[in-house]
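S.K.: what follows is a predicted structure for the sequence shown.
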Number of protein chains: 2
Amino acid sequence: MTEFPKTDQNRINRLPRRGYYDRETIYRILDEALICHVGFVENQQPYVIPINFARMGDAIVLHGAKASRLLKHISAGHPVCLEATLVDGLVLARSIFNHSLNFRSVVLFGTGQPVEADQDKLAVLEAITEHLIPGRWREVRLPNQKELDVTSVVSIQIDQASAKIRSGPPGDNEADYALPVWAGVLPLQELPLAPVRDELMAQAVAVPGYITKYSRKQS
Amino acid sequence: MTEFPKTDQNRINRLPRRGYYDRETIYRILDEALICHVGFVENQQPYVIPINFARMGDAIVLHGAKASRLLKHISAGHPVCLEATLVDGLVLARSIFNHSLNFRSVVLFGTGQPVEADQDKLAVLEAITEHLIPGRWREVRLPNQKELDVTSVVSIQIDQASAKIRSGPPGDNEADYALPVWAGVLPLQELPLAPVRDELMAQAVAVPGYITKYSRKQS
C-alpha cells in the first residue's frame, strides 16, 4: 500500500488541499531533509530535539551516544512524533494577510526499538552517513568495535505520516492586485559554500566530487 | 538576569561544553531561524508542528487561523516545547565516528496565552512579518478588521531555554590523521535565489532592496 491512511493524528485539517499521504511524496521530503525534529513526552512535558537521521524503507533510523536520553526514551518504545521541513521560499503578497512560506513538511508517528546486532548497527550508520553525504562511507575509516559499542541505534517504524506542501506565487484579494507593491516569491535553498579544508590534513588530497557537487536537491 | 537557570529540562547533558544558557546567544539563534518546531502533548501523544514565529522580548509569538488546533492548544495554557535549529555545515572527519554537523540550536519551554486586543495582535503580526522579511510591513496592505478577526495570535513566555552549538573543524583520533582522506567542513547556508516576480503584477515595480539583499545572517 503506497498511501498512509488518514487518521485523527496525521490528517491535514487546515487547507486540506495541501495535504499528501502517499509514500513517494513523503519519502522524497524526508530524503532531502538534513535533520529532523523528534518530539517525545516525559512526565506530561513535551520535548523536541533536532537530530540527523536516515530513512530505511518504512523506518526512520537514528544514532547517538549510549548515554543519550533521547535514544533511551525512544528505545523504550514510547510514542514518538518526527517532523522534517524544507523551506522553499518567502511568498510576498500585496497584503500582510496573504504572506506565506513555500515549504514541504512531513509529520510522522511511530514507536522505536533498539537496533542491537553489530551488522544491523553498521547498516544504519551507513544509511545515516550516506543520507548526509552520499559517497562518504566507502572512503573513510569505518567504525571499530569500541566505537560501535558506545553508539546507540534505534529504528522507528513509520505507523502514520502525512506531508504538507505549499508552492507557487502569492494569492491576493482581487482588489489588492492593483496596489503598487512588488509581489512574488523569493526562493530559498540550503546551499553549500566553498569547502574548508582541515588545516591538520597531512596529505594533499583533492576535494572529492561528492563535496564539490554537493546538493540536497534530488534529481 | 541574562542567563536562564539550568534545570532538568533545559540542561545539556551530552557534551556540556556545547551548552549555552545566556539570552544573547539563545536570542541570536531564534532571530536568525526562519521557522521553529513546536512540540505539544495531546492524550499522551507527542506532536511536532513547524511554524513561523517571532521573538518579542522574552516571549515567542505565533499566529494562525482561528481554527488552528495548534494555536487553540497553546492558548489553553498547556506546556509547550519549541525548538529552532540552524545547520551551518557538514563536518567531514577521517573516521565515520567523528563525522558531525556544525549547527546552532535552541530548545525552550513555556506556556502560552492568547493575545486578544486588536492593537496587540497587530504588533505581533508586525513582529512576525519583520522577522521573516525586515522592511516588508510598511510597504504592503495591513490587516483589515475581517482578517484580524479570523487570525489567532498566541504569546509563549520563555520560562526555560538553552542553546547547543557545534562549530569548527573535525576532531579525529590521533592515528587517523595520517589517512589519505579529505577532511574539513562543507559550510551550508540558507540562501536566496533570484526573486520570482508574480506574473499577475499589474505595475512595473522594482524589486525592493530588502529582497535583493535578503539574508538571514545578522551583522
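M.R.: Cool, got the structure.
S.K.: so A:Phe40 makes contact with A:Ser75?
M.R.: No: using Cβ atoms under 8 Å, A:Phe40 is not in contact with A:Ser75; the gap is 11.4 Å. Where C-beta positions appear, they are placed from N, C-alpha and C, glycine not excepted.
S.K.: give me the more crowded residue out of these two.
M.R.: A:Phe40 (24 against 19; other Cβ atoms under 10 Å in any protein chain shown).
S.K.: report the central residue of chain A.
M.R.: Centroid-nearest residue in chain A: A:Ala33, 3.5 Å away (criterion: Cα atoms, centre = their mean).
S.K.: residue contacts, it?
M.R.: Residues counted as contacts of A:Ala33 (Cβ atoms under 8 Å, 6 or more residues apart in numbering or on different chains) are A:Ala84, A:Thr85, A:Leu86, A:Val106, A:Arg216.
S.K.: swap in A:Glu147?
M.R.: For A:Glu147, the contact set (Cβ under 8 Å, 6+ apart) comprises B:Ser95, B:Ile96, B:Phe97.
S.K.: let's see it at 7 Å
M.R.: Residues in contact with A:Glu147 (Cβ atoms under 7 Å, 6 or more residues apart in numbering or on different chains) are B:Phe97.
S.K.: which strand or helix spans it?
M.R.: Using DSSP states H and E, A:Glu147 sits in helix A:145-149.
S.K.: following that helix, which helix or strand comes up?
M.R.: strand A:151-166.
S.K.: what packs against that following strand?
M.R.: strand A:19-20, helix A:23-32, strand A:59-65, helix A:69-75, strand A:100-114, helix A:118-132 (3 or more Cβ pairs under 7 Å, 6 or more residues apart in numbering or on different chains; DSSP states H and E).
S.K.: possible to save these as TSV with mean pLDDT?
M.R.: Shown next, in TSV, are the helices and strands packed on strand A:151-166 (pLDDT from 0 to 100):
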stretch	mean pLDDT
strand A:19-20	94
helix A:23-32	98
strand A:59-65	97
helix A:69-75	95
strand A:100-114	97
helix A:118-132	98
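S.K.: format the ones you listed as TSV; extra columns: distance to chain B.
M.R.: Below are the helices and strands packed on strand A:151-166 laid out as TSV (distance: least, Cβ to the nearest Cβ, whole Å):
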stretch	distance to chain B
strand A:19-20	13
helix A:23-32	12
strand A:59-65	6
helix A:69-75	7
strand A:100-114	5
helix A:118-132	6
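S.K.: A:Glu3 is nearest to which of the ones you listed?
M.R.: In terms of Cβ to Cβ, the element of the helices and strands packed on strand A:151-166 nearest to A:Glu3 is helix A:23-32, at 7.3 Å.
S.K.: and the closest one with helix A:118-132, angle?
M.R.: Using axes from the mean of the first three to the mean of the last three Cα atoms, to 10 degrees, the inter-axis angle of helix A:23-32 relative to helix A:118-132 is 80 degrees.
S.K.: how far does helix A:23-32 sit from its chain's centre?
M.R.: Here helix A:23-32 is found 9 Å from its chain centre; the criterion is Cα atoms, centre = their mean, to the nearest Å.
S.K.: go on, stretch A:30-50?
M.R.: The answer for stretch A:30-50 is 10 Å, by Cα atoms, centre = their mean.
S.K.: buried sites along it?
M.R.: Buried residues in stretch A:30-50, counted by 16 or more other Cβ atoms under 10 Å in any protein chain shown: A:30, A:32-41, A:46-50.
S.K.: do stretch A:141-157 as well
M.R.: Neighbour counts over stretch A:141-157 (16+ other Cβ under 10 Å) mark A:Arg141, A:Pro143, A:Glu147, A:Thr151, A:Ser152, A:Val153, A:Val154, A:Ser155, A:Ile156 as buried.
S.K.: the last one bridge partners, please.
M.R.: According to DSSP bridges, the partner residues bridging A:Ile156 are A:Ile60, A:Gly112.
S.K.: quick one: terminal-to-terminal distance for stretch A:197-207?
M.R.: In terms of Cα to Cα, to the nearest Å, the two terminal residues of stretch A:197-207 are separated by 8 Å.
S.K.: touching it from outside, list them.
M.R.: A:Pro195, B:Pro169, B:Pro170, B:Tyr177, B:Ala178, B:Pro180, B:Val181, B:Trp182, B:Ala183, B:Gly184.
S.K.: so which of these is the most crowded?
M.R.: The contacts of stretch A:197-207, ranked by neighbours (other Cβ under 10 Å): first place B:Ala183, 26 neighbours.
S.K.: correct me, but that residue touches B:Val91?
M.R.: No: B:Ala183 is beyond contact range of B:Val91, at 9.0 Å (criterion: Cβ atoms under 7 Å).
S.K.: common neighbours of the two, please.
M.R.: Common neighbours of B:Ala183 and B:Val91 (Cβ under 7 Å, 6+ apart) are B:Pro170.
S.K.: what number of residues lie near A:Tyr176?
M.R.: Slight slip there: residue A:176 is Asp, not Tyr. The number of residues near A:Asp176, taken as other Cβ under 10 Å, comes to 17.
S.K.: and what of A:Phe109?
M.R.: For A:Phe109, the neighbour count with other Cβ under 10 Å is 24.
S.K.: hmm, A:Gln113 and A:Val80 touching each other?
M.R.: No: counting by Cβ under 7 Å, A:Val80 sits too far from A:Gln113 to count as a contact (11.0 Å).
S.K.: comparing these two, which residue is more hemmed in?
M.R.: More crowded of A:Val80 and A:Gln113, by other Cβ under 10 Å: A:Val80, with 25 against 15.
S.K.: gap between the more buried one and chain B?
M.R.: For A:Val80, the distance to chain B equals 7 Å [Cβ to the nearest Cβ, to the nearest Å].
S.K.: quick check on that residue: phi, psi?
M.R.: phi -130, psi 140 (degrees, to the nearest 10).
S.K.: hmm, back to that, can you say which of the helices and strands packed on strand A:151-166 is nearest to B:Ile128?
M.R.: Nearest of those (Cβ to Cβ): strand A:100-114, 11.2 Å.
S.K.: packing partners for the closest one?
M.R.: So strand A:100-114, by 3+ Cβ pairs under 7 Å, 6+ apart, packs with helix A:23-32, helix A:69-75, strand A:79-92, strand A:151-166, strand B:45-52.
S.K.: centre of the chain to it, how far?
M.R.: So, by Cα atoms, centre = their mean, the centroid of strand A:100-114 is 7 Å from its chain's centroid.
S.K.: hey, C-alpha coordinates of that strand in CSV?
M.R.: In CSV, the C-alpha atoms belonging to strand A:100-114 read as follows (Å, rounded to 0.1, in the frame of the first residue of the first chain):
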residue,chain,number,x,y,z
SER,A,100,3.3,32.9,3.4
LEU,A,101,6.1,30.5,3.1
ASN,A,102,6.6,27.9,0.4
PHE,A,103,7.6,24.7,2.1
ARG,A,104,7.4,21.0,2.2
SER,A,105,7.0,19.3,5.6
VAL,A,106,6.4,15.8,6.9
VAL,A,107,5.0,14.8,10.2
LEU,A,108,5.1,11.1,11.1
PHE,A,109,4.3,8.9,14.1
GLY,A,110,5.7,5.7,15.3
THR,A,111,7.4,3.8,18.0
GLY,A,112,11.0,2.9,18.3
GLN,A,113,13.0,-0.2,19.1
PRO,A,114,16.7,-0.6,19.7
